[in-house]
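[1] mind folding the following:
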Amino acid sequence: MSDISNSQSDTSCAESSTKKIQVWDAPVRLTHWLIALCFTGAYLTAEVDSLRLLHISMGYTMLFLICFRLLWGFIGSKYARFSEFVRSPTTVIRYLRGMLSGHPAHFTGHNPAGAMAIIAMLGLGLIVTISGYANYNELGGEWLEEVHEIAANIMLTVVGVHIAGVLLTSYLYRQNLVRSMISGRKLGQQQQAIHTTWRSVAILLMLVVLGIWTYQASTATSATSTEKTQSGKERSDKDRDRD
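    Below is the predicted model:
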């Protein structure tokens, strides 16, 4: 019943107000786009040996971001919390039926279909990154490598469906939901707006991510110089043996 009443309330809100309010806090928006960046980068570099270190760096960063997002789902602002947008299967089915008919119920935060995609992507992201870490450190056999690849491909499919859903609901709601995830603002009543965007947390999060990238870059540079040094020594030894 609470899902139904919330949906009806949000629907009446959409009909009675066209005011833009703050819905998404800064950490939610930042993690959303950084996870998208990391997944795209990791997927595109998966089969390129020369970019292996970049692939690994994207994977580590993605794992950190997913862990943060899971934590933020319990302690973040109203619409960031799982308790706000994770809904019953019945509500999801009802929403999908409404969307297919061209009249989806309006939700101020994540709609039920979007919430389902988010949970799926976070879960698959954990499987992809943890299995990738295990493979890189030779903690599993070929079966784990298969799990890594299959999970990544399934996640890519879910991402594609999610993007299609965002475009469709943007059309049906007459709102640019992509822009909303950049600005954090959507249509709603003023009393439904969040009171703080938690920019300080987002800044700290970005600094940590930059720290991860800097560390990975320095490690890669050190590893490359070590390999060159070892290669040079091996060549010198071979030259001595020939003499």
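
[2] next, work out how far apart the closest residue to residue 109 other than its chain neighbours and residue 86 are.
    Distances taken as Cβ to Cβ, 6 or more residues apart in numbering place residue 79 nearest to residue 109, at 3.6 Å, with adjacent residues excluded. For glycine as for every other residue, the C-beta is placed from the backbone atoms N, C-alpha and C. Distance, residue 79 to residue 86, by Cβ to Cβ, to the nearest Å: 12 Å.

[3] compare these two and say which is more crowded by neighbours.
    residue 79 (21 against 16; other Cβ atoms under 10 Å).

[4] residues touching the residue nearest the centre of the chain, list them.
    What sits nearest the mean C-alpha location of the chain, by Cα atoms, centre = their mean, is residue 35, with 3.5 Å. Residue 35 sits next to 62, 65-66, 69, 121, 125 when contact means Cβ atoms under 8 Å, 6 or more residues apart in numbering.

[5] make it 10 Å
    61-62, 65-66, 68-69, 121-122, 125, 159 (Cβ atoms under 10 Å, 6 or more residues apart in numbering).

[6] ramachandran coordinates for it?
    For residue 35, the backbone dihedrals are phi -60, psi -40 (criterion: degrees, to the nearest 10).

[7] try residue 186
    For residue 186, the backbone dihedrals (degrees, to the nearest 10) come out as phi -140, psi 170.

[8] does it touch residue 170 like I think?
    No. With contacts counted by Cβ atoms under 10 Å, residue 186 stays clear of residue 170, the gap being 11.0 Å.

[9] who's more crowded, these two?
    More neighbours surround residue 186 than the other of residue 186 and residue 170, with 26 against 15 (other Cβ under 10 Å).

[10] where in the protein is pLDDT low?
    For the chain, the stretches with pLDDT under 70 are 1-18, 221-243.

[11] rewinding a little: overlap in contacts of residue 79 and residue 86?
    Any residue near both residue 79 and residue 86 by Cβ under 10 Å, 6+ apart counts here, and that gives residue 110.

[12] any shared contact partners between residue 186 and residue 170?
    Counting by Cβ under 10 Å, 6+ apart, the residues touching both residue 186 and residue 170 are 176-177, 179-180.

[13] where do the strands of the protein begin and end?
    Using DSSP state E, the strands of the chain run over 20-22, 185-187.

[14] got those strands as JSON lines, with distance to residue 44 columns?
    Putting the strands of the chain into JSON lines (distance: least, Cβ to Cβ, whole Å) gives the following:
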{"stretch": "strand 20-22", "distance to residue 44": "33"}
{"stretch": "strand 185-187", "distance to residue 44": "31"}
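
[15] highest mean neighbour count out of those?
    strand 185-187 (a mean of 21; mean count of other Cβ atoms under 10 Å).

[16] residues making contact with it?
    Residues outside strand 185-187 that contact it (Cβ under 10 Å, 6+ apart): 10, 13-14, 17-24, 79, 106-109, 173-177, 179-180, 192-193.

[17] how far off centre is it?
    21 Å (Cα atoms, centre = their mean, to the nearest Å).

[18] residue 182: neighbour count?
    Count around residue 182 with other Cβ under 10 Å applied: 12.

[19] what is the burial count for the spatially closest residue to it that is not a sequence neighbour?
    Nearest non-adjacent residue to residue 182, counting by Cβ to Cβ, 6+ apart: residue 29, 6.7 Å away. Counted by other Cβ under 10 Å, the residues lying close to residue 29 total 18.
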